[in-house]
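Student: below are the sequence and a predicted model; questions follow.
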Amino acid sequence: MAATRRLAAILAADVVGYSRLIGADEPGTLQRLKAIRAELIDPAVERHNGRIVKTTGDGLLIEFGSTVDALRCATEVQAAIGERNAAIAPDKRIEFRIGIHQGDIVAEDGDIFGDGVNIAARLEALAESGGICVSARVQEDAAGKLDLAFRDLGEQRLHNIARPVRVYAIGIAAKPRQSHRIRGAMIAAAALSVVVIAAAWWSWPRDTPALPTAQSPPATASVQNLPAAEAKAPRLSMVVLPFANLSNDPEQEYFADGITDDLTTDLSQIPDSLVIARNTAFTYKGRPTDAKQIGRDLGVRYVVEGSGRRTGDQVQVNVQLIDAESGAHLWAERFDTDRRELANAQDDITFRLARTLNVKLVAAEATRSEQRKALDPDARDFVMRGRDWLSRPISPTTLKEARQAFERALEIDPRSNDARIGLAKVLSTADLVPGGPVSLDIPRAEQLLVEAIERNPSSSRAHEAMGGVRLRQKNRLREMQIEYETALALDRNNLNAVRQLGWAFANLGEPEACIRQAEKALRLSPHDPSLWNSYAQLGLCHLYLNHADLAADYLLKARAAAPRVWWIHFYLAGALGLKGDLDGGRASLAEGLRVRPEMSSIANFRDLRPYYSSPKALELEEHSVMEGLRRVGFPES
């Protein structure tokens, strides 16, 4: 058959993490994929006048005569798959990315070729898991014809495509809560006069690194215990390794750690970047480093490493940018400065890294940067000391030392927003160490954060800390949610905000949304010393969803990593009780009572459990946790 040209709407679809799914359960994955094709995709393509051109093991190429038909088909399929996945364990879910473009194609022997096909495939690679990306031609053609929300990602340079293509992302109806919250967070951020400029968008890999699942071994801080990334990392993914302290004085360790923290935060402001969280990065501290191995372990493309030497007021900072795929050193430089000029030096490092990665920093960072430069260097020194104490396992000593450092910073320079935020965190978490040297002081913490946000509305850390304050104020869970969403709108890599937003959803009785946040936290910090927190979220929320087996697996991991967190033992006892493992449930309950002996009944548990909950969450808890505890013999009162 002779080749012919025609105008068509091309839909390219691809299964997310196909290699991981096949590796874990080939027969089950193929069966589920076959069912999705037969029950959801093929009927939708037929209803909307499409033609499946060809399929691969993990992808589809579909031709439509109309962009409206292509969009209707894509959104319908993604919504249906999202609903179907709600009842499936996260590690077994099949999700698609979809790209759609309208353009000239060459048709021959039933197949299609040309830039129109290539652009659709590149757009698919830009889409989020479960999402859709389209070209400007498709967006323009659908305007006024379909009730869809298009998010402008700007002009993108696509691989092997000569000209830039303007790209739009589409929110999917299957995830109304998530999409609504993302939009709400962005609106809230805009109300605070924050302007985020999208400067680049990476091409996501076809197979992202596997998250730990109920079947994987318990995670620890050891790199060797986690599987290596299976595929190419996202373009703007990186980890900032702990800077080495080259000063002769070991007391200057906090200074090198502070540089690492600030550079991590600054690089997180690069639009659409994925920056591995500090807690995972610091598991490499003091260990020999192999950039290529670290890249495989963490699923990142770049490794930033360096060192700091401080002698009196003189500071020398060395920084290197390494391509984790090849091990090549892309850029290295030494900065000699006075500590009073350290903020300027850090801005220069960040700018040079951003330029090397061919992106621009967000405009909102300018305000924060200018405020930081104005701070007294001694105050900044104490802020870094305080952060160092807060990064350690919580104890009476760490809270006391952190409070003293932040209080001293504020005495030296009352303008220090970072000191306000740090002190507020100390005062709002003191209840985790009952009877310790620092008393819970929510009113003062709230006032400090109100001042911090008034001074710098674009501070992700301030909104994250305010979320912790709202957690401890009854009937303010929605405000807690908004604070964490605002923090994430300002810095998508803020690990604490990701994790705590999960707890907000759990306490609002929205377990599916909590699970999404916990999975994101695992991706951002897969070697995190606080990984137990994400496992506990997954365990509790799967328990709420009556997935007792999966819940027990996750809670066992959480307990192994944090045996002194008393409430995990009780949740695990409930999960094992629902699962029918009464002996295991009784043993877990006995361990919980050993850690917290005053917890003698379900009534006590209701009164003393660690978080406030909405009526919906309490109802879910009653039919899961409490029912499981009753089955293992825990008395009502």
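Tutor: Looks like it arrived, so ask away. Residues are numbered from 1 along each chain as shown.
Student: can you pull out the helices in the stretch 451-600 of the chain?
Tutor: In the stretch 451-600 of the chain, the helices defined using DSSP state H, counting those that start in this stretch lie at 460-471, 477-490, 495-507, 511-524, 531-544, 548-561, 566-579, 582-595.
Student: and stretch 317-326, what's buried?
Tutor: Applying a neighbour-count criterion of 16 or more other C-beta atoms under 10 Å, one finds 317-324 buried in stretch 317-326. Where you see a C-beta, it was placed from the backbone N, CA and C, and this is true even at glycine.
Student: out of the helices of the stretch 451-600 of the chain, which is closest to R72?
Tutor: Distance to R72, taken as C-beta to C-beta, is lowest for helix 511-524 among the helices of the stretch 451-600 of the chain, at 25.3 Å.
Student: the inter-axis angle of the closest one versus helix 477-490?
Tutor: Helix 511-524 and helix 477-490 are oriented at 30 degrees to each other (axes from the mean of the first three to the mean of the last three C-alpha atoms, to 10 degrees).
Student: distance from the chain centre to helix 511-524, please.
Tutor: Its chain's C-alpha centre and that of helix 511-524 lie 7 Å apart, by C-alpha atoms, centre = their mean, to the nearest Å.
Student: can you start the count at 22 instead of 1 from here on
Tutor: OK, 22 is where the count begins now, so the last one is helix 532-545.
Student: that helix - contacts with which helices or strands?
Tutor: Here helix 532-545 touches helix 197-212, helix 516-528, helix 552-565, going by 3 or more C-beta pairs under 8 Å, 6 or more residues apart in numbering; DSSP states H and E.
Student: domain assignment for this structure?
Tutor: 25-195, 248-383, 552-652 (automatic domain parsing).
Student: show me what secondary structure element comes after the helix or strand of the chain with the lowest mean pLDDT.
Tutor: Among the helical and strand segments of the chain, the one scoring lowest on mean pLDDT, DSSP states H and E is helix 197-212, with a mean of 32. Once the chain leaves helix 197-212, the next helix or strand it forms, by DSSP states H and E, is strand 258-261.
Student: about what we covered before: which one of the helices of the stretch 472-621 of the chain lies nearest to M259?
Tutor: With distances scored as C-beta to C-beta, the stretch of these nearest to M259 is helix 532-545 (12.0 Å).
Student: angle of that closest one against helix 569-582?
Tutor: Using the same axes, to 10 degrees: helix 532-545 against helix 569-582 is 40 degrees.
Student: next, the angle from helix 532-545 to helix 516-528.
Tutor: 160 degrees.
Student: what's in contact with helix 532-545?
Tutor: The contact list for helix 532-545 (C-beta atoms under 8 Å, 6 or more residues apart in numbering) reads 107, 111, 198-199, 202, 229-230, 232-233, 295, 297-298, 301, 514, 516, 519-520, 522-524, 526-527, 549, 552, 554-556, 558-559, 561-563, 565-566, 641.
Student: so N106 sits against R114, correct?
Tutor: Yes - between N106 and R114 there is a contact under C-beta atoms under 8 Å: 4.3 Å.
Student: picking that back up, out of the helices of the stretch 472-621 of the chain, which gets nearest to N139?
Tutor: Closest approach to N139 among these (C-beta to C-beta): helix 532-545, 28.8 Å.
Student: rewinding a little: any chance of the domains of the chain in TSV, with mean pLDDT and distance to K495 too?
Tutor: Listed next are the domains of the chain as TSV, based on pLDDT from 0 to 100; distance: least, C-beta to C-beta, whole Å:
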stretch	mean pLDDT	distance to K495
domain 25-195	86	30
domain 248-383	71	30
domain 552-652	88	6
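Student: could you dump those into JSON lines and include distance to P458?
Tutor: Shown next, in JSON lines, are the domains of the chain (distance: least, C-beta to C-beta, whole Å):
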{"stretch": "domain 25-195", "distance to P458": "41"}
{"stretch": "domain 248-383", "distance to P458": "20"}
{"stretch": "domain 552-652", "distance to P458": "19"}
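Student: so for Q468, which of those domains sits nearest?
Tutor: Here domain 552-652 is closest among those (C-beta to C-beta), at 21.1 Å.
Student: centre of the chain to that closest one, how far?
Tutor: Using C-alpha atoms, centre = their mean, the offset of domain 552-652 from its chain centre is 25 Å.
Student: can I get the longest helix anywhere in the chain as CSV, trimmed to CA atoms?
Tutor: What stands out as the longest helix in the chain, according to DSSP state H, is helix 88-106. Taking C-alpha atoms only, helix 88-106 is exported to CSV below (Å, rounded to 0.1, in the frame of the first residue of the first chain):
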residue,chain,number,x,y,z
THR,A,88,-8.8,16.0,19.0
VAL,A,89,-12.1,16.2,20.9
ASP,A,90,-12.6,12.5,20.5
ALA,A,91,-9.0,11.7,21.5
LEU,A,92,-9.3,13.9,24.7
ARG,A,93,-12.7,12.4,25.6
CYS,A,94,-11.2,8.9,25.3
ALA,A,95,-8.1,9.7,27.2
THR,A,96,-9.8,11.4,30.2
GLU,A,97,-12.5,8.7,30.3
VAL,A,98,-9.8,5.9,30.4
GLN,A,99,-7.7,7.6,33.0
ALA,A,100,-10.7,8.2,35.2
ALA,A,101,-11.8,4.6,34.9
ILE,A,102,-8.4,3.3,35.7
GLY,A,103,-8.1,5.6,38.7
GLU,A,104,-11.4,4.3,40.1
ARG,A,105,-10.4,0.7,39.5
ASN,A,106,-7.0,1.2,41.2
